[in-house]
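[1] let me see the structure of the following:
(one chain, ligands or ions: 1)
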Amino acid sequence: MGLHIEHVTKKFGDFTAVDDLSLIIQEGGMHGFLGANGAGKTTTFRMILGLLDPTAGSACWKGKPITYANSSEIGYLPEERGLYPKMKVEEQLVYLAQLRKMSKGDAKREANAWLERFEVPYYRQKRVEELSKGNQQKIQLIASLLHKPSLLILDEPFSGLDPVNVEMLKKAILDFQKQGATIVFSSHRMDHVEELCDEVSILDRGKVVIGGSIKKVKKSFGKQKVRLNVDADLSSLSRVAGVDNFIKTKEGAIFQITDERVAQTLLAKAMELGTLRHFAVEEPSLEEIFIAKVGKQLA
Ligand SMILES: Nc1ncnc2c1ncn2[C@@H]1O[C@H](COP(=O)(O)OP(=O)(O)OP(=O)(O)O)[C@@H](O)[C@H]1O
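    Prediction:
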């Protein structure tokens, strides 16, 4: 059944923030939402969650719109802080899990297991406002999944985290998917999305401009790179038919091609010019595709 988003539109006055967006995310999948600032990611999440009424269209989880009745099946990590700053960490986690139909005893046990896993057990009696931004993000992730939701929506889960903590949270999210959850998350970090997701949607001004499995997205982009490190000047190869772009590097050159066969031609010609040190045909990265499609470099 999965998550079905059908022709969802959100207008704020005359401004269309989300424009006729349709998407199906299969159960058990991990889906990445990419888009420049203001592309409509958070607005889409809020409509899926029933926190914002769509101007048109609908979203359903396992055939039903998300309402109070099925809210215990859903976990949400909002982009802005969603915790009570004055409340103590353990008390807050237990309180939020109880709102989602978990017993107090289970919530307390699970909360403490997560605090141990995230290496912050000593924060259990601290007020949230006493924690650093990154540690608050860990608590926020625990709050979103403590009650074992079947659908987990994470709005920029890795923001404000150092690289060690990013790895820790990535692993937790992957493990949670392995236990059967369906996960949707937004990020400005293409490498995180590339590493974790089965499928992606790239949003631009409220519309999905490219979407599907990462493999399909890369294939449909239709451009590959040939990296050649050769002890010779490779500039003459920029004129080979099928080369779209040529970048000279310290050790050789990178060629952008649209037809894989051109790679073989380049290799043969390069070997005539000098000693070959490295040859690789590289797929475009999601970042390159994003920049080409959306035309903006993300911070
Ligand atoms: N309540 C609102 N009233 C008016 N405009 C809004 C409202 N909420 C969002 N918008 C506008 O809708 C657009 C989409 O915003 P949204 O927060 O969904 O983008 P986003 O993709 O999540 O961006 P970011 O990556 O910066 O978090 C933006 O132009 C924003 O200013």
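[2] and Asp244, how far from the ligand?
    Noted for Asp244: a distance of 31 Å to the ligand, by CB to the nearest ligand atom, to the nearest Å. The way it works is simple: take the backbone N, C-alpha and C, and place the C-beta from them, glycine included.
[3] not counting sequence-adjacent ones, nearest residue to that residue?
    Gln256 (4.5 Å; CB to CB, 6 or more residues apart in numbering).
[4] could you look up the SS state of the closest residue to Gln179 other than its chain neighbours?
    Closest residue in space to Gln179, ignoring its immediate chain neighbours: Lys148 at 7.9 Å, by CB to CB, 6+ apart. Here Lys148 is recorded as coil under DSSP: H, G, I helix; E, B strand; the rest coil.
[5] look up how far Lys101 lies from Lys148.
    As judged by CB to CB, to the nearest Å, Lys148 and Lys101 stand 10 Å apart.
[6] okay, those two: which has more neighbours?
    Ranked by neighbour count (other CB atoms under 10 Å), Lys148 and Lys101 place Lys148 first, with 18 against 10.
[7] for the chain, just list every one of the strands.
    Read by DSSP state E, the chain holds these strands, from start to end of the chain: 3-12, 15-25, 30-35, 56-61, 74-77, 151-155, 182-186, 199-204, 207-213, 224-230, 243-248, 252-257, 276-282.
[8] is the first one positioned near the ligand?
    Meaning strand 3-12. Yes: residues of strand 3-12 contacting the ligand under CB under 6 Å from any ligand atom: Phe12.
[9] any buried residues in that strand, and which?
    By neighbour count on 16 or more other CB atoms under 10 Å, the buried set for strand 3-12 is 3-5, 8-10.
[10] looking at those residues, which is nearest the ligand?
    Of all the buried residues of strand 3-12, Lys10 has the smallest distance to the ligand: 7.6 Å, by CB to the nearest ligand atom.
[11] what's the spacing between that closest one and Thr44?
    Separation of Lys10 from Thr44 (CB to CB): 8 Å.
[12] outside of stretch 39-46, which residues touch it?
    For stretch 39-46, contacts defined as CB atoms under 8 Å, 6 or more residues apart in numbering pick out 5, 8, 10, 17-19, 21, 33, 35, 52, 76, 79, 153, 155, 184, 186, 203-206, 294.
[13] switch the cut-off to 7 Å
    8, 10, 17-18, 21, 33, 35, 52, 79, 153, 155, 186, 203-206 (CB atoms under 7 Å, 6 or more residues apart in numbering).
[14] could you do stretch 94-104 as well?
    Under the contact criterion CB under 7 Å, 6+ apart, stretch 94-104 has outside partners 71-72, 107-108, 111, 143, 146-147.
[15] returning to that earlier point: look up how far Ala268 lies from the residue nearest to Asp244.
    Taken as CB to CB, the span from Gln256 to Ala268 is 18 Å.
[16] looking at these two, which is more packed in?
    Neighbours were counted for Gln256 and for Ala268 using other CB under 10 Å; Gln256 has more, 17 against 9.
[17] pretty sure the more buried one sits against Lys225.
    Yes: taking contacts as CB atoms under 7 Å, Gln256 lies within contact range of Lys225: 5.7 Å.
[18] closest to Thr67 among the contacts of stretch 39-46?
    The closest of the contacts of stretch 39-46 to Thr67 turns out to be Leu52 (CB to CB; 13.4 Å).
[19] which pLDDT value does the model give that closest one?
    Leu52 carries a pLDDT value of 94.
[20] what's the local residue count around the residue of the stretch 51-200 of the chain found nearest the ligand?
    Of all residues in the stretch 51-200 of the chain, Glu79 sits closest to the ligand, at 5.6 Å by CB to the nearest ligand atom. By the criterion of other CB under 10 Å, Glu79 has 14 neighbours.
[21] doesn't Asp155 make contact with it?
    Yes: between Glu79 and Asp155 there is a contact under CB under 7 Å: 4.0 Å.
[22] and which of the buried residues of strand 3-12 is nearest to Gln177?
    Using CB to CB, the buried residues of strand 3-12 come closest to Gln177 at Leu3, 13.8 Å.
[23] relative to Phe12, how far out is the residue most central in space within the chain?
    Closest residue to the average C-alpha location of the chain: Gly32 at 3.5 Å, with CA atoms, centre = their mean. According to CB to CB, Gly32 stands 25 Å off from Phe12.
[24] appreciated, that's everything.
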